[in-house]
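> how would this look folded up:
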Amino acid sequence: MANAAARIAQLEAELRRACAEIARRDHALAEAHEQRTATAEILRVIASSASGPTQVLDAIASTAARLTDSEGAAIQQVFGERLRWVGQFGRARQGAETAEAGGHHGNPISAGTMSGRALLERRTVHVPDVAAVVEADFPESYPVYRLIQQRSQVTTPLLRDGQAIGLLGVFRWTLRPFTDHQVALLETFADQAVIAIENARLFEELQQRNSEFQESNRQVTEALEQQTATAEVLRVIASSPTDLERVISMVAETARRLCEADSAAVLTQIEGDLRILGGSFSERLTQGLRAWRVNNGGQPLPFDRRSVSARACIDGRTVNVGNLIMAADDFPMSSAQAQAVGHRAQVSAPLRRGHDVLGVISLYSTEPNAFGEHEIALLETFADQAVIAIENVRLFRELADLNRTLEARVDQQVEELERVGRLRRYLSPQLADLIISSGDESILESHRRQITVVFCDLRGFTAFAETAEPEEVMAVLAEYYEALGALVRAADGTLDHFAGDGMMVFFNDPLPQPDHAERAVRLACAMRERAADLARGWRRAGHELGFGVGVAAGYATLGRIGFEGRYDYTAIGSVANLAARLCGEAQGGQILVPARLFGMVEDVIDAEPIGALTLKGFHRTVEALNVTSLRNEHIDAG
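All right, here's what the predicted structure looks like:
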């Protein structure tokens, strides 16, 4: 019986132990479940609240306080050399607010504080009775303690890659030290706080980068839009060099659109007034301007410093007025116009060309303070484009005027060249140049003057021309005229004409030549010598050609005859006929002159009489002489 009772007692004891173990395990399981549930909840908050780190940290503080049976919890983060509260729960929130109100904005990172020691030593600091040790062991925490009055505290560091980035602390305002289990649990939540802080940091970095990317993308978009607009304006400038109104209107429209203005106008200064060159106007502003002009007698905008646009022109700088109604003292004209038209803000940029101001480009808005630095910079860019357009038109017009001037000058020069060509055909180069440079052709008008005429031709030319090939005839004549023409030019003779093998030259007209008779006989002698050289060459080619000259002096009527496009300068009178008839009588190598001419040049030439000649067209015989040589001089044959 005794054994049975003992056995029953033993079984009851084992049952109690089993129940106690079951209860202990149930409690552990309940705590583990609660901890897992809390951890899952915190991770869910972390995942769903990336944009709100304070919410996550407050949730961690709340859960840490609940599972460690604390009245308050706080999370601090390192910012520079101090710790600042970033998450609170319960009385810790009021404590943090009380401390901040008392001038304690976070704790210094120092071994003289409970939080600083945990951070610096990278270990959990458990203070079962804060009141008993704070003044001696943590003197720098004492001022805060006096405000908060917590009794028991555990602080654990938040470690990321071995570096302490903050702290997690739980507090009790009654003296109840924390168990090892609670301390270990707090360290688990510290890891979650690190995740939350790191997640928030990464999210902030992502937000920053995204913001920077969006800003960069906005700037790129704006820059692209501005470049596209600028390119389009420049394309229109290039394609419409004289259509200033079209170009200016496009500049104004583009400036208005990119600066989000209500209207835009380009004005230029003309005779002391500002006149609209082109623009882009809203219907409201158009109606307002029309009414304003009617009320002001249709007068243009005055060029006066009391106007915003005029002030920008006068000072040569951009003027931005955020509220025209409020700026009535500085800009009464623009303020009055703004009240009548309906706009409130205006910015005007001068159109500068070097040191000169051509006009102004203005933007208008119905909203006050509508234009900032960005819009001002854009407007000044479009001001430069307006200047390019205005200058392009000016240069194009100047070029067109210059082209017209050049064309007229070219026409004049062509006409002059044609005139020169005509004159040079029968005048000496010196005389032709004199007439051209003086512009006076009156000396070529019909008049009477004494001249000396030289007439020459080739002996045997008719027979030669009948038997030789045309190409041979042309070659002989070309050589003949080239050689004798050079002598005529050198002697300043006037070429009357040449026909076939005959050539007529006279002296003392159009310009007077006192020694005209001497010039004539000297030319005749030079021609004879040069023709003799040519004849030797022709003879080797089988052509027997000689050269004869007749020279006579007397009065003749001279002048220009012909028609537009073909004029000759000729001499008409018996002296020309006499020279021609003497040439006809001359044998090869002879220079026949009448006795009267010989008397004029007998000290220059040697001559032999050939007797009286009966010449066709002359009633009396003519006593003629053959010039044999020039006295004591070598004849230059050219």
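> Each with direction, which strands does the longest strand belonging to the chain pair with?
When the chain is parsed with DSSP state E, its longest strand is strand 546-563. Using DSSP bridges, strand 546-563 pairs in its sheet with strand 447-459 (antiparallel), strand 566-572 (antiparallel), strand 591-594 (parallel).
> domains in this protein, as residue ranges please.
Per the record, the chain has its domains at 29-204, 239-391, 429-630, by automatic domain parsing.
> Not counting residues beside it along the chain, what's closest to Met504?
Closest residue to Met504 apart from its sequence neighbours, by Cβ to Cβ, 6 or more residues apart in numbering: Asp496 at 4.1 Å. C-betas here are computed from N, CA, C, even on glycine.
> The stretch 1-150 of the chain: strands as residue ranges?
72-79, 82-90, 107-108, 125-127 (DSSP state E, counting those that start in this stretch).
> could I get those strands as JSON lines with mean pLDDT and distance to Arg306?
Output for the strands of the stretch 1-150 of the chain, formatted as JSON lines (pLDDT from 0 to 100; distance: least, Cβ to Cβ, whole Å):
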{"stretch": "strand 72-79", "mean pLDDT": "88", "distance to Arg306": "55"}
{"stretch": "strand 82-90", "mean pLDDT": "83", "distance to Arg306": "56"}
{"stretch": "strand 107-108", "mean pLDDT": "76", "distance to Arg306": "62"}
{"stretch": "strand 125-127", "mean pLDDT": "92", "distance to Arg306": "75"}
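> on that earlier part again, which parts of the longest strand of the chain are buried?
546-554, 556, 558-560 (16 or more other Cβ atoms under 10 Å).
> So which of the domains of the chain is nearest Glu416?
Closest to Glu416 of the domains of the chain, according to Cβ to Cβ: domain 429-630, at 6.9 Å.
> So what's the model's average confidence on that closest one?
For domain 429-630, mean pLDDT is 90.
> Am I right that the residue nearest to Met504 is in a strand?
Yes: under DSSP: H, G, I helix; E, B strand; the rest coil, Asp496 falls within a strand.
> Show me where the stretch 401-550 of the chain has its strands.
447-459, 494-499, 502-507, 546-563.
> Look up the closest residue to Leu379, ignoring the ones flanking it.
Nearest non-adjacent residue to Leu379 (Cβ to Cβ, 6+ apart): Ala349, at 4.8 Å.
> Please tell me how far stretch 167-181 is from the chain's geometric centre.
75 Å (Cα atoms, centre = their mean, to the nearest Å).
> now do stretch 580-596
80 Å.
> Start and end of it, how far apart?
Taking Cα to Cα, to the nearest Å, stretch 580-596 runs 16 Å from one end to the other.
> Mind listing what's buried along it?
Those would be 580-586, 588-594, for stretch 580-596 by 16+ other Cβ under 10 Å.
> ok, which pair from those residues is furthest apart?
Gly588 and Pro594, at 20.2 Å, using Cβ to Cβ across those.
> rewinding a little: go through the strands of the stretch 1-150 of the chain and pick out the most buried.
strand 72-79 (a mean of 24; mean count of other Cβ atoms under 10 Å).
> Give me the distance between Ala520 and Arg311.
84 Å (Cβ to Cβ, to the nearest Å).
> the more surrounded of the two?
Ala520 (30 against 21; other Cβ atoms under 10 Å).
> Tell me the gap between the longest strand of the chain and the middle of its chain.
69 Å.
> same thing with stretch 179-188?
On Cα atoms, centre = their mean, the centre of stretch 179-188 falls 73 Å from that of its chain.
> Check which residues of it are buried.
Gln182, Val183, Leu185, Leu186.
> before we move on, which element is the first one in?
Translated: Gln182. helix 180-239 (DSSP states H and E).
> Next, the buried residues of the following helix or strand past that helix.
Next along the chain after helix 180-239, taking DSSP H and E as the criterion, comes helix 244-258. For helix 244-258, a neighbour-count test (16+ other Cβ under 10 Å) marks Leu244, Val247, Ile248, Ser249, Met250, Val251, Ala252, Glu253, Thr254, Ala255, Arg256, Leu258 as buried.
> can you tell me the average pLDDT over helix 244-258?
Rounded mean pLDDT across helix 244-258 is 80.
> name the helices or strands packed onto it?
Helix 244-258 sits against helix 180-239, strand 263-270, strand 273-280, strand 356-365, helix 373-426, with contacts defined as 3 or more Cβ pairs under 8 Å, 6 or more residues apart in numbering; DSSP states H and E.
> Can I get it as CSV, trimmed to CA atoms?
Provided in CSV are the C-alpha atoms of helix 244-258 (Å, rounded to 0.1, in the frame of the first residue of the first chain):
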residue,chain,number,x,y,z
LEU,A,244,12.1,90.4,-92.7
GLU,A,245,8.5,90.4,-91.6
ARG,A,246,8.2,86.6,-91.9
VAL,A,247,11.5,86.0,-90.1
ILE,A,248,10.8,88.5,-87.3
SER,A,249,7.3,87.0,-86.8
MET,A,250,8.8,83.5,-86.5
VAL,A,251,11.4,84.7,-84.0
ALA,A,252,8.6,86.3,-81.9
GLU,A,253,6.4,83.3,-82.1
THR,A,254,9.2,80.9,-81.1
ALA,A,255,10.2,83.1,-78.2
ARG,A,256,6.6,83.4,-77.0
ARG,A,257,6.1,79.6,-77.1
LEU,A,258,9.3,78.6,-75.4
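> chain center to it, what's the gap?
For helix 244-258, the distance to the chain centre is 17 Å (Cα atoms, centre = their mean).
> circling back to that earlier point, among the domains of the chain, which is nearest Asp401?
Per Cβ to Cβ, nearest to Asp401 of the domains of the chain: domain 239-391, 12.3 Å.
> Contacts only, for Thr268.
Leu274, Arg275, Leu277, Leu351, Leu358, Gly359, Ile390 (Cβ atoms under 8 Å, 6 or more residues apart in numbering).
> Okay, and the beta partners of it?
Arg275, Gly359.
> pLDDT score assigned to it?
Note on Thr268: pLDDT of 82.
> swap in Ser48?
With respect to pLDDT, Ser48 scores 55.
> Over to the one 4 residues further on?
You'll see Gly52 listed with a pLDDT of 54.
> Met1 now?
61.
> just to revisit the earlier point, now the strands of the stretch 401-550 of the chain in JSON lines, with distance to Leu625?
Below are the strands of the stretch 401-550 of the chain laid out as JSON lines (distance: least, Cβ to Cβ, whole Å):
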{"stretch": "strand 447-459", "distance to Leu625": "15"}
{"stretch": "strand 494-499", "distance to Leu625": "24"}
{"stretch": "strand 502-507", "distance to Leu625": "19"}
{"stretch": "strand 546-563", "distance to Leu625": "10"}
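> Quick one: closest of these to Asp262.
Going by Cβ to Cβ, the one of the strands of the stretch 401-550 of the chain nearest Asp262 is strand 546-563, 72.6 Å.
> pLDDT below threshold where in the stretch 1-150 of the chain?
1-2, 7, 11-12, 14-15, 18-53, 103-106 (pLDDT under 70).
> thinking again about what came up before, return the most buried member of the strands paired with strand 546-563.
The most buried stretch of the strands paired with strand 546-563, if neighbours are counted by mean count of other Cβ under 10 Å, is strand 591-594, with a mean of 27.
> next one: the helix or strand just after it to chain centre, how far?
Counting by DSSP H and E, the next helix or strand C-terminal to strand 591-594 is helix 595-601. Computed by Cα atoms, centre = their mean, the chain-centroid distance of helix 595-601 equals 81 Å.
> how about whatever helix or strand comes next after helix 595-601: buried residues?
Later in the chain than helix 595-601, the nearest helix or strand by DSSP H and E is strand 605-613. Within strand 605-613, the residues scored as buried using 16+ other Cβ under 10 Å are Ile605, Ala607, Leu613.
> List the residues that contact the second one.
Contacts of Ala607 were listed using Cβ under 8 Å, 6+ apart, and they are Val593, Phe598, Leu625, Asn626, Val627, Thr628.
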